[in-house]
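Peer 1: Pasting the sequence and the predicted model now:
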Amino acid sequence: MSRLVAGFASSHSVMLTCTLHDWQNGFKVHDLKGRYFDREGNSCSYEELLARAPANAQELVSDEAIAQRYQAVQEAIDRMKADVLAAKLDVLIICGDDQHELFNDDLMPPLAIYYGDTIRNPARTPVPSDAWYKQAQMRRLEEKQDAHYPCHPALALHLIHGLVEREFDVTSMKAMRKEQYEGHAFSFMHRFYLAEGMVPIVPIMLNTYYPPNPPTPARCLALGTAIGELIKSFPGDLRVGFMASGGLSHFQAEEDLDDAVISAMRRKDLDFLAKLNPKRLQAGSSEIRNWLVLAGAARDLDMEWVSYTPGYRTPALTGTGLGFATWKPAAAA
């Protein structure tokens with residue numbers, strides 16, 4: 001019987017590939033033109049967020065405060081990489097969201113699973129030296145030439161067949177067009193956590209981001225529960241890991257939402273998670289859905305470690321809730 005031996009969750013924000021200088025300077029200009037969502041799910045501007053910011057907001061985005069958070073995140077990335085390698089996985093299932101890298105408005109499935117032999121991450125393309133944001137995005141890609149990372153088609157097909165039997169409508173993919181690639185939700189994991197281990201992956205693409213068809217929180221939990229059951233029924237004795245890619249709240253960092261999600265996952269309160277208000281799960285915050293799939297799959301595991309940094313970057317408290325966590329069997333915690 002194959003076993004889910006570890007669960008992982010990691011932000012993949014562009015903040016994680018930016019420099020400290022970008023955190024302290026670039027975002028203070030970049031975020032001025034963004035569109036955001038308030039806590040009721042209504043669209044709002046930077047100026048509206050700024051008007052609602054607490055009195056100590058400026059202190060939270062001082063150069064010193066930002067530098068401390070930046071260092072905490074670097075340490076969390078190092079810890080996550082060590083935990084992934086220490087798990088000695090035979091395969092890693094990664095649940096992430098596609099953002100117009102594979103799917104577009106002509107076809108946006110709520111759930112897709114890739115079952116090809118390998119998956120491509122392309123080489124970086126040249127960008128101007130002053131294009132700091134684009135440079136940060138490029139750090140998720142390969143330095144010199146395309147990489148074709150191994151996948152696990154047998155487990156992927158097992159999941160596809162089993163989920164269809166459980167009445168999940170799954171879009172299946174065995175190949176992609178020449179110009180397509182795995183997408184940042186997966187390339188970040190390869191570049192930062194899997195480059196040395198070459199662990200085969202099963203990519204699961206969940207449409208968290210784009211209306212009108214993101215799955216509900218309850219459906220995400222049900223999907224995870226089904227995946228957890230199917231791992232146990234896969235022939236052999238594979239050591240399987242599950243990685244939730246993305247999150248937490250953004251593009252304004254909402255500590256209350258992130259703390260509530262992390263606390264509920266720690267105590268395995270799936271009822272609370274199932275009732276999360278979808279209006280709070282918009283834009284980047286929608287990627288919390290990937291964490292919910294993990295919560296369903298890893299209900300037999302315990303949260304062993306968590307690092308959370310509210311990545312504030314402007315006086316309006318725009319930014320990203322940068323979260324990292326590891327789950328292990330209770331006996332190994």
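Peer 2: The structure has been received and is ready for your questions. Given the structure is predicted, the values throughout are model-derived calculations rather than measurements.
Peer 1: can you dump the C-alpha coordinates of stretch 281-290 into CSV?
Peer 2: Provided in CSV are the C-alpha atoms of stretch 281-290 (Å, rounded to 0.1, in the frame of the first residue of the first chain):
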residue,chain,number,x,y,z
LEU,A,281,-10.9,33.9,-1.6
GLN,A,282,-10.4,36.2,-4.6
ALA,A,283,-7.3,37.2,-6.6
GLY,A,284,-4.2,35.7,-5.0
SER,A,285,-6.1,34.8,-1.8
SER,A,286,-7.9,32.3,-4.0
GLU,A,287,-4.8,30.1,-3.8
ILE,A,288,-5.9,29.2,-0.2
ARG,A,289,-8.0,26.6,-2.1
ASN,A,290,-4.8,24.6,-2.8
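Peer 1: same question for that stretch, mean pLDDT?
Peer 2: Averaged across stretch 281-290, pLDDT comes to 96.
Peer 1: how far does it sit from the chain's center?
Peer 2: Relative to the centre of its chain, stretch 281-290 is centred 9 Å away, using C-alpha atoms, centre = their mean, to the nearest Å.
Peer 1: List the contacts of that stretch.
Peer 2: By C-beta atoms under 8 Å, 6 or more residues apart in numbering, the surrounding residues in contact with stretch 281-290 are 9, 13, 36-37, 41, 95-97, 185, 206, 208-209, 214-215, 217, 220, 244-251, 254, 257, 261, 276, 320. For every residue, glycine as well, the C-beta is placed using N, CA and C.
Peer 1: From these, which land in strands?
Peer 2: Under the assignment DSSP state E, the contacts of stretch 281-290 contribute 9, 36-37, 95-96, 206, 244-245, 250-251, 320 to strands.
Peer 1: Export those residues as JSON lines, with columns for pLDDT and neighbour count.
Peer 2: Output for the ones in strands among the contacts of stretch 281-290, formatted as JSON lines (pLDDT from 0 to 100; neighbours: other C-beta atoms under 10 Å):
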{"residue": "9", "pLDDT": "99", "neighbour count": "29"}
{"residue": "36", "pLDDT": "95", "neighbour count": "19"}
{"residue": "37", "pLDDT": "93", "neighbour count": "20"}
{"residue": "95", "pLDDT": "99", "neighbour count": "32"}
{"residue": "96", "pLDDT": "98", "neighbour count": "25"}
{"residue": "206", "pLDDT": "98", "neighbour count": "29"}
{"residue": "244", "pLDDT": "99", "neighbour count": "33"}
{"residue": "245", "pLDDT": "98", "neighbour count": "27"}
{"residue": "250", "pLDDT": "96", "neighbour count": "25"}
{"residue": "251", "pLDDT": "95", "neighbour count": "21"}
{"residue": "320", "pLDDT": "98", "neighbour count": "30"}
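Peer 1: Tell me which two of those residues sit farthest apart.
Peer 2: Pairwise distances across the ones in strands among the contacts of stretch 281-290 peak at 25.2 Å for 36 and 95 (criterion: C-beta to C-beta).
Peer 1: what's the closest non-adjacent residue to residue 118?
Peer 2: Computed as C-beta to C-beta, 6 or more residues apart in numbering, the closest residue to residue 118 that is not its neighbour in sequence is residue 148, at 4.2 Å.
Peer 1: Okay, and the beta partners of the one you found?
Peer 2: In this structure, residue 148 bridges to residue 120 when assessed by DSSP bridges.
Peer 1: Tell me where the model's unsure across the protein.
Peer 2: Filtered on pLDDT under 70, the chain yields the residue ranges 197, 331-333.
Peer 1: can you give me the strands in it?
Peer 2: 3-10, 35-37, 43-45, 91-96, 111-114, 118-121, 147-150, 171-173, 201-206, 239-245, 250-252, 301-312, 318-329.
Peer 1: Switch those over to JSON lines; also include distance to residue 158.
Peer 2: Formatted as JSON lines, the strands of the chain follow (distance: least, C-beta to C-beta, whole Å):
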{"stretch": "strand 3-10", "distance to residue 158": "14"}
{"stretch": "strand 35-37", "distance to residue 158": "37"}
{"stretch": "strand 43-45", "distance to residue 158": "41"}
{"stretch": "strand 91-96", "distance to residue 158": "11"}
{"stretch": "strand 111-114", "distance to residue 158": "10"}
{"stretch": "strand 118-121", "distance to residue 158": "18"}
{"stretch": "strand 147-150", "distance to residue 158": "17"}
{"stretch": "strand 171-173", "distance to residue 158": "12"}
{"stretch": "strand 201-206", "distance to residue 158": "9"}
{"stretch": "strand 239-245", "distance to residue 158": "11"}
{"stretch": "strand 250-252", "distance to residue 158": "33"}
{"stretch": "strand 301-312", "distance to residue 158": "20"}
{"stretch": "strand 318-329", "distance to residue 158": "22"}
